[in-house]
Structures are given as structure tokens and as C-alpha cells.
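> sequence and predicted model, in that order:
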Amino acid sequence: MCPEKTIFATNTSFLRVGDVMKDVARLDRCGGLHFFNPVPVMKLLEVIRIPQTSDETFASMSAWGKAIGKYTVTCKDTNGFIVNALLGPYISDAIAMVERGDATYQDVDAAVKLGLGYPMGPFELL
């Protein structure tokens, strides 16, 4: 159906690209482009490569990301890629801390902003 030059990309945040693309006949033309919201503001683009992604396809996806002004990072096809793989445990630990009564959610957010230099705390992200 699609021309041979077509690149198939998904913007999934947590699903593995290989699972999303499992029924695509041309896996060498498949990959992931994980944008962050709001897309016009957030500069990062995770470019995900499955084992079958050709070098040409990967280079094209990365070049396109840079051409639209994104800072691209490379990631293998892992659960959550880079950012969400780190974000999940971070948020879970913050919730557990509040549930145990170790701190209020307001104090956790303040501590992360002032102690780690993050622009917002984990509860402000939710």
C-alpha cells in the first residue's frame, strides 16, 4: 500500500516499538519517534531503533528530528525508552514517600525543586 520509501514510526511512550510494528512487513523501515508534550515547547525527541531498523532509516529519522529543531537522543527499544523508564520509578518513589507519611506532597515538590534544581516536583508533573 505505501511506497517503498515510507518510514513507519510510532510515538508510543511505553509500548515497545517492535510490538507495535510486529505486523509490518518492512521492519527495516520502522522505528520510534517519541515526542514530549507540549511538542512545540519541549526540545527532546527520543529516536528509537528496533533490531531490524536499517541504518538509513535511523539516520533519516534522526535527521528529520534535528531539521524540525529537536535535540535527538538514541535509544534501543526498551520499556519506557530513556525518559519514561526513569520517570516511572521517580514518581512511584515520591508517591510512596507521601503514602508512608515521610513528607507532604508539597514538601516533596519543594525539596526536588530547591535541592535538585528541577523546574517542578513529581506531584506538579501529575
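Everything's here; your move.

> roughly how far apart are Met61 and Ala103?
Plainly put, Met61 is 42 Å away from Ala103 if you go by Cβ to Cβ, to the nearest Å. For every residue, glycine as well, the C-beta is placed using N, CA and C.

> more neighbours: which of those two?
Using other Cβ atoms under 10 Å as the criterion, Met61 and Ala103 rank with Met61 on top: 23 against 14.

> quick check, the more buried one in a strand?
No: read with DSSP: H, G, I helix; E, B strand; the rest coil, Met61 is helix and lies in no strand.

> ok, it - contacts?
Listed by Cβ atoms under 8 Å, 6 or more residues apart in numbering, the contact set of Met61 reads Ile7, Ala9, Gly31, Leu33, Val47.

> repeat that for 10 Å
7, 9, 30-33, 45, 47-49, 53, 72, 74 (Cβ atoms under 10 Å, 6 or more residues apart in numbering).

> would you show me how to pick out the buried ones of those residues in ChimeraX?
Buried residues within the contacts of Met61, by 16 or more other Cβ atoms under 10 Å, are selected in ChimeraX with:
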select :7,9,30,31,32,33,45,47,48,49,53,72
